[in-house]
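S.K.: sequence-free structure coming up:
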């Protein structure tokens, strides 16, 4: 059975919702592990004598592992099925948790972080392919939005867990996390085996990348990554330049994350009801307008509102972009695991580019990054209109 084909069983309506929540729990906990290291970086830097460059490398190794593992993850989903791929990812992140808590060598810590990145892309490729399998008919976008919302919630919780680990004990928190991944693995292992596909060659994947069914939504995911990465760098700089303190910056991005979760769920429902293009177009227009507003000098409170609204608008076109890529892959015969592997690459590359470019352009002035994002989103809107899909 192909993993891109919906599972049509009489008990789908009963079985899919709890299974979908279990899959989302995997995404949630994996993303928590990704972001919890943020408040721990000074601790690791002090314990291991990291230079600024070494600390930057440590952070970047997760993204490097994610990009490196994206295509192999898709192939693994096709050969072994989504459930087995998720189980492998859980084993790796559990081992990575132990390494993060008990590792005493910098090289081991770096290797662990890279492996966590690989495990993360295994988890996302497997989980989202599995969500497509169990999605009820006509609710693919809404089901995928559950996974994206779970990822956003995990991203919010991660720094809180990291703060607890800093105050209590790194070993204790990471051991508890490893145990939690083990519990999830037991739950996943008890589920029926997911579908597999015939083997696809790498040249078929390369060929699919150039097809509009994959290229257009892949571009949208990358554009969303660029926008989020830019805002993550320039937003705090903008607020600081207006006189806001660290508490205001933290509260702003916490509210933005909550807005992402809410809009993600709404966008999934709208995409299923009205088609993918409607929320994509609205999201692109709103996000481009808000990016311009972010570039305009203002007081702290209006800037906070713009940042929160911009995060929500980006989510509005990101969710149907995921669903559009999944549907496009199914139309051209590309396996779902490989399709979501491509989304990992698109998102990670876009996010990295946005952060680097946003930081560089902010040196010229905070107006420039906002205008650059607005131009990118306007171009994206033109691409969608010209190569529109339903």
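M.R.: Here it is on my side, so go on. No experiment lies behind these values; they were computed from the predicted model shown.
S.K.: ok, now which ones touch residue 60?
M.R.: With contact set as CB atoms under 8 Å, 6 or more residues apart in numbering, residue 60 has these partners: residue 352. The way it works is simple: take the backbone N, C-alpha and C, and place the C-beta from them, glycine included.
S.K.: backbone phi and psi for it, please?
M.R.: Backbone torsions for residue 60, taken as degrees, to the nearest 10, come to phi -70, psi -20.
S.K.: same deal with residue 138?
M.R.: Residue 138 adopts backbone torsions of phi 80, psi 10, taken as degrees, to the nearest 10.
S.K.: And the one 10 residues further on, by the same measure?
M.R.: Taking degrees, to the nearest 10, you get phi -70, psi -40 for the backbone angles of residue 148.
S.K.: just checking, it touches residue 322?
M.R.: Yes: using CB atoms under 8 Å, residue 148 is in contact with residue 322, at 6.8 Å.
S.K.: ok, those two, which is more surrounded?
M.R.: Ranked by neighbour count (other CB atoms under 10 Å), residue 148 and residue 322 place residue 322 first, with 31 against 24.
S.K.: Who are the packing partners of the strand or helix carrying the more buried one?
M.R.: In this assignment (DSSP states H and E), residue 322 forms part of helix 300-332. If contacts are counted by 3 or more CB pairs under 8 Å, 6 or more residues apart in numbering; DSSP states H and E, helix 300-332 sits against helix 106-134, helix 140-167, helix 212-241, helix 246-274, helix 277-295, helix 336-362.
S.K.: For those helices, give me JSON lines that also has mean pLDDT.
M.R.: Formatted as JSON lines, those follow (pLDDT from 0 to 100):
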{"stretch": "helix 106-134", "mean pLDDT": "88"}
{"stretch": "helix 140-167", "mean pLDDT": "84"}
{"stretch": "helix 212-241", "mean pLDDT": "84"}
{"stretch": "helix 246-274", "mean pLDDT": "84"}
{"stretch": "helix 277-295", "mean pLDDT": "89"}
{"stretch": "helix 336-362", "mean pLDDT": "76"}
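S.K.: nearest to residue 373, of these?
M.R.: Nearest to residue 373 among the helices and strands packed on helix 300-332 is helix 277-295 (4.2 Å), distances taken as CB to CB.
S.K.: what's the distance between stretch 306-324 and the middle of its chain?
M.R.: From the chain centre to the centre of stretch 306-324 is a distance of 12 Å (CA atoms, centre = their mean, to the nearest Å).
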